[in-house]
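Asker: Dropping a prediction and its sequence here:
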Amino acid sequence: MDPVRAYYLPTDSTSAIDASGPPVSVEQLDALGWKISNVGDSPDEVEQAGRKLAQELGFPVTQKGCSLPFSFNPEQNAAMMDPEMVALLMKAVKVNNGDMGFANEFVIAITNGAKPYFDVEDVATAGWIRVHFAVGRFVISAPTGAKFRLPFDEHNRESVGTVFFKETLSNHGLLVKEEIDNHPARKAYVNAHT
């Protein structure tokens, strides 16, 4: 099995993990601004790859609040996380599988997980693409203003890692539902990809 499998979701589906529509290549995801790579065999190698990518993109990875550990199960793992990260994840959990986006670019290094997945919007087709990982170790660079959905189910709740922000988390802003549609970063993303 490929380490990353991506495919268009049927228009009437948001949750079926194994539903498979037309395939989407890593190059197509890249054209939408999503950089995804399966790197390293150990959690340390994956985190270092994420840190290196963030540095190459000009992120201040040593600045307080720009490099934070996380768990997609904040109720169980709040002690390992910055309080602002717990609040951000709890906001995401509340919109479980709802549209989300960030006002600034970020890099996420998932160092462990149980075959996680998420959905990204293809603004050109107004469709959704499911990105599904065969292993729980990968690095993602997410574009500013792009919409994504992250179901907090058994496939994702075990994921842990480090997220690297271009600005401090307090200046970063998770945008949910209507917030994202009216944000200037979203409008710029849509204009660049349609």
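Answerer: Everything's here; your move. Since the model is a prediction, treat every value here as computed from it, not as a measurement.

Asker: what residue ranges in the protein score low on pLDDT?
Answerer: For the chain, the stretches flagged by pLDDT under 70 are 1-2, 12-20, 74-78, 96-97, 169-172.

Asker: okay, now Gly58: neighbour count?
Answerer: For Gly58, the count of nearby residues is 9 (other Cβ atoms under 10 Å). All C-beta spots, glycine's among them, are computed from the backbone N, C-alpha and C.

Asker: err, Val190, not the other one
Answerer: 16.

Asker: Go ahead and report the secondary structure state at it.
Answerer: With DSSP: H, G, I helix; E, B strand; the rest coil as the basis, Val190 sits in helix.

Asker: So it is in contact with Thr144, correct?
Answerer: No: between Val190 and Thr144 there is no contact under Cβ atoms under 8 Å: 11.5 Å.

Asker: Pull out the buried residues from the lengthiest helix in the chain.
Answerer: Longest helix of the chain, by residue count under DSSP state H: helix 43-56. Going by neighbour count (16 or more other Cβ atoms under 10 Å), the buried part of helix 43-56 is Pro43, Val46, Glu47, Gln48, Ala49, Gly50, Arg51, Leu53, Ala54.

Asker: what does stretch 22-37 give?
Answerer: By neighbour count on 16+ other Cβ under 10 Å, the buried set for stretch 22-37 is Val24, Val26, Leu29, Leu32, Gly33, Trp34, Ile36, Ser37.
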